[in-house]
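Visitor: Sequence isn't available, so here's the structure alone:
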């Protein structure tokens, strides 16, 4: 860790989510102490009503060790990550649970089951992932998308990503989120495909259902988040210097950006898969309980907005 500050779950998310009905949530492969502590914390904050899926002996043993009485909740034995994912997705498909929380499971295994055409929980829209980032001591949070699912999205895919994240921002009370199309430049060049994508997306924004957001680009990261950088570079639009959402060029860029914020700034990364039948709380397996708690709060707010 380059930062010594403690992680914090953003109070604005907790305050909003704690007023809602607890979300019936399947904890996928809930058989490590970190996952169980996170599920317990989210339950104590009245954010979720958990169904614990995984090695039942390990789940019950950890529950005892962390002083959590899980007898009033459903515990389902699963012998592997794949089995835990199948059971969890099946319960979401049937409506028995209203959300999934990634436990100690590889993302590709969980998403493989979730994205199946018949047995999964995908919709006609393209799913995407968003990290809602909050930094201790800073009032303004920022959303990074997509750093997990869409590896190298182009114009069509980025438009779907924008639709998904706009819905999330509306759920959070931001009726006109400022969305920056990130590139390495503010001038479109064929040598930088993300800049060309940005020009096309901005042109199409007026012709498609993207009216619920203010979209601008291409722009470099400094211009998107720094008013001073935007002023010095002479970039004048409604997004420059005050972006709420960063549409990153590709997964690698987003992954590096969110991890840099986590490990250098102690940012809390609330992670959510959007555009599915139910929200999926998806964080890194190494993320602290605060990030998982924030993800549960975000999922509750998002699910309530969609219902």
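Guide: Perfect, thanks for sending it. From a predicted model like this one, the values you see are computed outputs, not experimental measurements.
Visitor: Could you say which helix or strand holds residue 284?
Guide: If you go by DSSP states H and E, residue 284 is not part of any helix or strand.
Visitor: and it, backbone torsions?
Guide: phi -70, psi 150 (degrees, to the nearest 10).
Visitor: all helices for this structure, in order.
Guide: Using DSSP state H, the helices found in the chain span residues 11-17, 33-44, 56-65, 81-94, 107-114, 155-171, 193-205, 221-225, 227-233, 251-265, 289-306.
Visitor: Same list (the ones you listed) but as JSON lines, adding mean pLDDT and mean neighbour count.
Guide: C-beta: built from backbone N, CA, C; applies to glycine. As requested, the helices of the chain are exported to JSON lines (pLDDT from 0 to 100; neighbours: other CB atoms under 10 Å):
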{"stretch": "helix 11-17", "mean pLDDT": "92", "mean neighbour count": "17"}
{"stretch": "helix 33-44", "mean pLDDT": "95", "mean neighbour count": "21"}
{"stretch": "helix 56-65", "mean pLDDT": "97", "mean neighbour count": "16"}
{"stretch": "helix 81-94", "mean pLDDT": "97", "mean neighbour count": "21"}
{"stretch": "helix 107-114", "mean pLDDT": "95", "mean neighbour count": "20"}
{"stretch": "helix 155-171", "mean pLDDT": "95", "mean neighbour count": "21"}
{"stretch": "helix 193-205", "mean pLDDT": "92", "mean neighbour count": "19"}
{"stretch": "helix 221-225", "mean pLDDT": "96", "mean neighbour count": "22"}
{"stretch": "helix 227-233", "mean pLDDT": "95", "mean neighbour count": "14"}
{"stretch": "helix 251-265", "mean pLDDT": "95", "mean neighbour count": "17"}
{"stretch": "helix 289-306", "mean pLDDT": "94", "mean neighbour count": "25"}
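Visitor: Among those, which comes closest to residue 273?
Guide: Each of those was scored for nearness to residue 273 using CB to CB, and the closest is helix 107-114 (7.6 Å).
Visitor: which other helices and strands contact that closest one?
Guide: For helix 107-114, the contact count by 3 or more CB pairs under 8 Å, 6 or more residues apart in numbering; DSSP states H and E identifies helix 81-94, strand 99-102 as packing neighbours.
Visitor: Determine the angle, from 0 to 180 degrees, between it and helix 81-94.
Guide: For the pair helix 107-114 and helix 81-94, the angle between their directions (axes from the mean of the first three to the mean of the last three CA atoms, to 10 degrees) equals 40 degrees.
Visitor: Tabulate the helices and strands packed on helix 107-114 (TSV), appending distance to residue 188.
Guide: Below are these laid out as TSV (distance: least, CB to CB, whole Å):
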stretch	distance to residue 188
helix 81-94	41
strand 99-102	37
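Visitor: Out of these, the one nearest residue 70 is which?
Guide: When these are compared by CB to CB, strand 99-102 sits nearest residue 70, at 14.7 Å.
Visitor: Please name the nearest non-neighbouring residue to residue 299.
Guide: The shortest distance from residue 299 to any non-neighbouring residue, by CB to CB, 6 or more residues apart in numbering, is to residue 279 (4.3 Å).
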